[in-house]
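*Asks:* here is my input; please provide its structure:
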Amino acid sequence: MSDRVDQEFVARVRSGLDREIAGIVAETTADWTGMQHRRLAERVKTLVAAWRGDTGRTGLLDVALHLTGLLRGLQNPSGLFRGGDNVDSPPDSAFSVNDLADVALMLRVPQAAGHPLVAALDELLTTITPALVKGGVHTPNHRWEISAALARLHRLDPRPELAGRVAQWLAEGADIEDGLYSERSANYAAYVSNPSLLVIGEVFDRPDLIDAVVSNLDATLDLLLPDGAVETVLSRRQDQGRPKPLAGYLLPLRRIARLRGRGDLSWAAGLALEQGLEAPGHVAAALVLDPDLALALPAPVAPPGTRRRHFPAAGLLVDRTPVATTVVFGGSDYPRQRRIRSGLANSPTFLRLYAGAAVLDSVRLSRTFFGLGPFRGDGLTLDGDQAVLTERVSAAYYQPLDPAELRADADYGLGDDGRFSAAMDFAKRGRDEVTLETTVRVDLTGDGAELSVEVSGAIVDWALELAFRPGGTMHGARPVGAAWQLDEGTAHYRVGDDSIQISVTAADHAPADGPPAYHPGEEYAFLGGTDAASGEILYVTGKAPARLRLNLLSTSRTNS
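*Replies:* Numbering: from 1, shown residues only. Coordinates of the predicted model:
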């Protein structure tokens with residue numbers, strides 16, 4: 001493999017670093033007052049990375065020393081940093097320690113000898129280390145963030161208690177399946193799990209951890225959408241409603257592309273760089289500590305224009321052809337957990353379609369049924385070109401208590417019905433259930449998808465909601481308030497020369513009683529909130545029981 005330097009990459013890093021340094025130098029103490037410890041640590045790392053590129057600029061170390069003093073002032077008696085709503089948090093402090101331990105390693109050069117920053121940083125890391133060795137976590141990725149901090153501290157000063165604590169966390173196993181970490185979050189894969197496992201694997205010679213990162217990068221390429229974002233509808237974290245650019249994956253992509261000779265990862269690294277350098281100081285520090293990251297990568301190899309990936313554990317299917325990309329999601333945690341909660345995959349979006357510049361961001365099925373919210377598939381099965389999602393929901397009316405359960409004081413236990421709570425001793429009562437069953441079939445056609453929806457059980461209104469990315473024009477549908485409605489025939493959503501054609505090809509149902517609307521469910525409505533999709537909204541409505549077939553056709557000439 002070539003040892004020549006990737007001059008374009010290095011030039012972009014230097015240019016971005018110069019801008020960051022100019023911004024930091026222009027700041028004042030007032031700007032730093034009240035600043036979170038992670039932002040302060042990032043600045044220290046950026047300053048020292050820039051100094052390593054020009055050791056004559058000793059003033060940069062003086063600024064870094066001042067910031068380190070501010071960090072020292074943010075330490076609690078435990079040694080951990082204050083800041084944020086996670087109080088006295090080992091994992092939150094670990095983010096800063098990861099940066100500061102890299103700084104300490106960068107300062108191990110003769111030119112830094114005698115500068116007070118070295119001693120100040122050593123004192124800070126010494127006082128915080130015991131809390132990281134014994135500290136706990138509350139999310140899966142925190143295990144790897146803390147372990148990475150301990151690995152970096154061990155690299156500076158090898159000690160058995162550091163290695164032993166990392167071994168404790170690693171004994172739980174890397175939480176990865178089908179290339180996806182258990183949180184299924186592109187954000188945390190890019191910024192926490194992948195970089196953390198890489199440094200842990202390097203320090204403790206664990207090639208299996210490198211393999212886990214490779215597996216995630218492979219999955220990421222299959223989750224990559226035509227607009228350069230990584231699919232997040234499957235995520236169990238805050239990014240499940242937001243696109244995640246590939247840019248955050250830049251360094252792991254470069255590292256693994258060169259380590260494994262992977263042209264496809266070189267191609268992805270090029271795309272990530274084109275999206276913009278997110279943290280030049282962080283990248284510059286990585287180049288100081290691992291100069292091979294600056295070397296030219298293998299020749300880029302673009303992934304095939306036609307490819308498909310089914311992620312069974314996540315209930316996700318991504319199908320890409322030269323003219324359309326279709327995403328089908330049936331992996332919501334809601335059918336099993338019965339709650340909307342941080343750490344769960346909550347999104348009711350079950351279909352997305354890309355057709356060049358025309359993008360159908362979300363297809364959802366809303367219904368008026370006891371405030372239980374929209375359809376969320378309980379898993380995804382794939383049979384050839386057909387993906388199938390199903391859901392059964394129910395609500396109950398309760399019978400009188402048996403005579404033996406009656407209380408003279410009428411004080412019955414406060415219980416949770418699954419929809420609401422009341423002092424009714426629900427578990428001791430007979431139930432009369434009302435059910436609603438839904439089956440959604442998505443047939444992949446190569447140029448789009450044919451969507452079949454069947455709703456049976458209770459007689460209720462439903463609304464199929466299609467949310468298109470803004471920027472285009474709707475044709476063939478009738479306006480309904482700020483949205484559109486299609487009862488029969490065909491509509492088109494056009495953006496320039498690209499469009500998505502929506503055709504009602506079969507419909508067997510009565511018309512809905514009410515106007516089209518999206519109902520987020522009682523868990524949102526009770527708090528005055530919503531998870532409603534945005535964009536240009538098109539509704540197809542009816543009343544259950546119902547059968548509906550809809551054809552979604554890309555008329556784009558290219559899917560990029």
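
*Asks:* would you map the helices across the stretch 1-150 of the chain?
*Replies:* All helices of the stretch 1-150 of the chain, identified by DSSP state H, counting those that start in this stretch, fall at 7-26, 29-32, 37-53, 59-73, 90-106, 116-134, 140-156.

*Asks:* mind checking which of those helices is nearest D513?
*Replies:* D513 lies closest to helix 140-156 among those, at 45.2 Å (C-beta to C-beta). No exception for glycine: its C-beta is placed from N, CA and C like everyone else's.

*Asks:* for the helix or strand just after that closest one, which outside residues touch it?
*Replies:* Next helix or strand after helix 140-156 toward the C-terminus (DSSP states H and E): helix 160-170. The contact list for helix 160-170, computed with C-beta atoms under 8 Å, 6 or more residues apart in numbering, reads 129, 132-134, 143-144, 146-147, 150-151, 153-154, 200, 204, 206, 209.

*Asks:* of all those residues, which comes closest to L553?
*Replies:* For these, the nearest to L553 is W144 (43.5 Å; C-beta to C-beta).

*Asks:* surely the closest one meets I200?
*Replies:* Yes. If you go by C-beta atoms under 8 Å, W144 and I200 touch, sitting 6.9 Å apart.

*Asks:* between those two, point out the one with more neighbours.
*Replies:* Legend: neighbour count by other C-beta atoms under 10 Å for W144 and I200, higher for W144 (31 against 24).

*Asks:* gap between the most centrally placed residue in the chain and Y397?
*Replies:* The centre of the chain sits closest to S185, judged by C-alpha atoms, centre = their mean, with a distance of 3.2 Å. Taking C-beta to C-beta, to the nearest Å as the measure, S185 falls 40 Å from Y397.

*Asks:* now A296
*Replies:* Separation of A296 from Y397 (C-beta to C-beta): 70 Å.

*Asks:* same question for E172.
*Replies:* E172 is 45 Å from Y397, by C-beta to C-beta.

*Asks:* just L351 next, same as before
*Replies:* From L351 to Y397 the distance is 34 Å (C-beta to C-beta).

*Asks:* now the residue with the largest distance to the centre of the chain. Its backbone dihedrals?
*Replies:* Here the centre of the chain is the reference, and by C-alpha atoms, centre = their mean the most remote residue is A408, at 53.1 Å. Torsion angles at A408 (phi, psi; degrees, to the nearest 10) stand at phi -60, psi -30.

*Asks:* quick one: buried residues of the helix or strand of the chain with the lowest mean pLDDT?
*Replies:* Least confident helix or strand of the chain, by mean pLDDT, DSSP states H and E, is helix 334-337 with a mean of 82. By 16 or more other C-beta atoms under 10 Å, the buried positions in helix 334-337 come out as Y334, P335.

*Asks:* contact partners of it?
*Replies:* I340, L344, A345, N346, G373, R376, G377, D378, E391.

*Asks:* and A296 and Y397? Which one has more around it.
*Replies:* When A296 and Y397 are compared for neighbours, A296 comes out ahead with 16 against 10, by other C-beta under 10 Å.

*Asks:* right, and the more buried one touches V10 too?
*Replies:* No. At 10.4 Å, A296 does not count as touching V10 under the criterion of C-beta under 8 Å.

*Asks:* out of the contacts of helix 160-170, which is most surrounded?
*Replies:* Neighbour max across those (other C-beta under 10 Å) = W144, 31 neighbours.

*Asks:* next up, the contacts around that one.
*Replies:* Applying C-beta under 8 Å, 6+ apart, the residues near W144 are W169, V192, S193, S196, L197, I200.

*Asks:* what count of nearby residues applies to R12?
*Replies:* If you count neighbours by other C-beta under 10 Å, R12 ends up with 17.

*Asks:* residues in contact with it?
*Replies:* L273, L277.

*Asks:* against D3, how distant is A26?
*Replies:* In terms of C-beta to C-beta, A26 sits 38 Å off from D3.
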